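Colleague: here is a sequence with its predicted model. Questions after.
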Amino acid sequence: MRLNRLATSLSLVLFAAAGVSAHDHDHGDVSHVNKGISIQAGDRAGELDTVNGSITIGDNAVIASAETVNGSIRVGEGAQAKSLETVNGSIGAGARASVSGNVETVNGAISLGEDAEVLGNAETVNGGLRLAARAHVVGQLVTHNGDITLQDNARVEGGILVKKHRTSWFSGKQRTPVITIGPGAQVDGSLVFEREVELNVHESARIGRVEGATAKRFGGAMKVEK
């Protein structure tokens with residue numbers, strides 16, 4: 001028994017010396033008000049919730065959800081989450097990241113890295129939507145005022161919806177959203193445009209029914225924005 005206790009004590013000392021504790025890898029639910037949240041690479045966590053702060057999720061980390069009001073959300077490569085939501089901020093998911101639910105923001109862009117996957121919808125009001133090569137959205141892409149870009153071989157199963165812009169007496173002239181469907185990209189559902197857009201579709205892309213716009217076909221390579 002004494003030998004076992006000594007061995008256990010030695011293990012704890014070595015664990016602490018390495019800067020690791022039993023709580024470093026499973027954070028549970030994390031909630032703040034005026035503070036950001038950061039989950040390290042490979043760690044696990046439950047619901048991440050803050051009001052004024054950004055949320056960063058490291059590579060290959062696994063969380064339940066991330067939600068903030070004033071802040072961005074960054075998801076590392078290969079990380080997994082059930083849902084991502086912010087009001088005033090952008091959302092970016094790295095290569096091979098996976099979200100099993102929806103990705104939503106009001107004032108901010110949504111970008112998915114190469115081979116990233118969203119099983120729900122990706123929706124923003126005042127922001128663009130960008131899918132890198134081979135990114136996959138099972139649900140629908142939705143925006144009011146943003147551009148939408150699908151790079152090489154990206155796929156959207158649920159279609160695209162650009163909602164009618166809500167104008168008010170103080171609104172100025174609104175820019176026309178640009179929708180670009182790149183080489184080999186695929187949109188299985190309908191493309192519905194409730195407002196004027198510029199729709200550019202690569203000659204090798206495949207799309208569903210188009211409502212409210214006329215597609216302009218283009219060829220050649222697509223310029224990739226970094």
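Modeller: Good, I have the coordinates. Note that the coordinates shown come from a computational prediction; the quantities given were computed from them, not determined experimentally.
Colleague: my guess is Lys164 contacts Glu194, does it?
Modeller: Yes: with contacts defined as Cβ atoms under 8 Å, Lys164 counts as touching Glu194 at a distance of 3.9 Å. (C-beta placed from N, C-alpha, C; glycine too.)
Colleague: I'd like the next helix or strand past the helix-or-strand element of the chain with minimal mean pLDDT.
Modeller: Confidence across the helices and strands of the chain bottoms out at helix 2-17, with a mean of 36, counting by mean pLDDT, DSSP states H and E. Tracing the chain past helix 2-17, the next element assigned as helix or strand by DSSP states H and E is strand 30-31.
Colleague: which helices and strands does that following strand pack with?
Modeller: Packing contacts for strand 30-31, counted by 3 or more Cβ pairs under 8 Å, 6 or more residues apart in numbering; DSSP states H and E, involve strand 47-49.
Colleague: what lines up beside the strand it packs on in the sheet?
Modeller: In its sheet, strand 47-49 lies beside strand 30-31 (parallel), strand 65-70 (parallel), with partners assigned from DSSP bridges.
Colleague: how about low-confidence regions in the chain?
Modeller: Across the chain, the ranges flagged by pLDDT under 70 are 1-24, 166-173, 223-226.
Colleague: redo that, cut-off 80
Modeller: With pLDDT under 80 as the threshold, the chain has low-confidence stretches at 1-25, 165-174, 221-226.
Colleague: sorry, back to before: export the strands paired with strand 47-49 as a markdown table, with columns for mean neighbour count.
Modeller: Below are these laid out as a markdown table (neighbours: other Cβ atoms under 10 Å):
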| stretch | mean neighbour count |
| --- | --- |
| strand 30-31 | 16 |
| strand 65-70 | 21 |
